[in-house]
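Undergrad: Quick one, fold the following:
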Amino acid sequence: MRENLTLTKLRQGEATIGCWLTIGSPVVAAIMSRCNFDWLVIDTEHGAVGYNEMLVCVHEILATETTPIVRVAWNDPTLIKRTLDSGAMGILVPMVMNAEEAKRAVGASKFPPKGVRSVGGFVAQLLHGDDYPNAANEQILVAVQIEHIDAVKRAKEICDVDGVDVVFVGPNDLAASMGLIGTPFRRNPEWQSAVQAVLEAAKEAGKVAGLQCGTVSEAKERLEQGFRFVAVSSDARLLHQNLCQVVTELKSK
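TA: From the prediction side, this is the model:
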């Protein structure tokens, strides 16, 4: 099986950077996977991405050294199984609230005896090699999202779950759970304290902490802070921002 370069870097203590794919276009996936990101998350929770689009985007990314990770719509073993059978090399599971839910995500991502993932996905084996059923448990990245203030309070127990590689802060839902929706929450001290609590829990457990950042400057700050799985914006937002900037500059007098 091919090496999961993102997992290798994380296990060596290195930081990694990535971006969100929400448009569902394999052409966009091909472009972005050639920009030297460590990983890309194909978002099937909130993105305009169906199963077939996800499948093709995974394959486009696999043509490069970038790691294809998929955010599933929910902590559902069927969704996780089908996603990994596509050849994805990582799973991001939203709204994990406690240790039991983290264990469920890990179990669905691992073949027996470490989990309950069903054996039989030919596409993943075709893409990754005949040793896939034996090697996948060590090469598939499992990330869970801590994105509710109640989950922050249980961050230690979530981080202690064996098989969780990354705990990833979902900033918007975390803010919403704290009554901060529609406010400049990234500057709110309570929100910042919650993010810091997840980072400290991850470090204590020897796990990697991740965060979705809105800007490059924020991403740099988070990397310096100790986050090692840092996302910057998304394909749709970056496209919109850059096109707006082009039009503004051309129309300015």
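
Undergrad: And the nearest residue to residue 51 once chain neighbours are set aside, how close does it get to residue 55?
TA: Take residue 51 and drop its neighbours on the chain: the residue closest to it by C-beta to C-beta, 6 or more residues apart in numbering is residue 82, 7.1 Å away. C-beta coordinates here come from the backbone N, C-alpha and C atoms, glycine included. Residue 82 is 9 Å from residue 55, where distance means C-beta to C-beta, to the nearest Å.

Undergrad: same question, residue 67
TA: In terms of C-beta to C-beta, residue 67 sits 16 Å off from residue 55.

Undergrad: quick one: which of the two has more around it?
TA: residue 67 (28 against 21; other C-beta atoms under 10 Å).

Undergrad: Please list all residues in contact with the more buried one.
TA: Listed by C-beta atoms under 8 Å, 6 or more residues apart in numbering, the contact set of residue 67 reads 4-7, 38-40, 61, 89-90, 141.

Undergrad: what about the closest residue to residue 125 other than its chain neighbours, how many neighbours?
TA: Of all residues not flanking residue 125 in the chain, residue 132 sits nearest, at 4.4 Å (C-beta to C-beta, 6+ apart). Residues near residue 132, counting by other C-beta under 10 Å, number 20.

Undergrad: please begin residue numbering at 339 from this point
TA: Shifting the count to begin at 339 puts that one at residue 470.

Undergrad: can I assume residue 470 is in contact with residue 462?
TA: Yes: using C-beta atoms under 8 Å, residue 470 is in contact with residue 462, at 5.7 Å.

Undergrad: about what we covered before: from the contacts of residue 405, list the buried ones, please.
TA: Among those, those buried by neighbour count (16 or more other C-beta atoms under 10 Å) are 342, 344-345, 376-378, 399, 427-428, 479.
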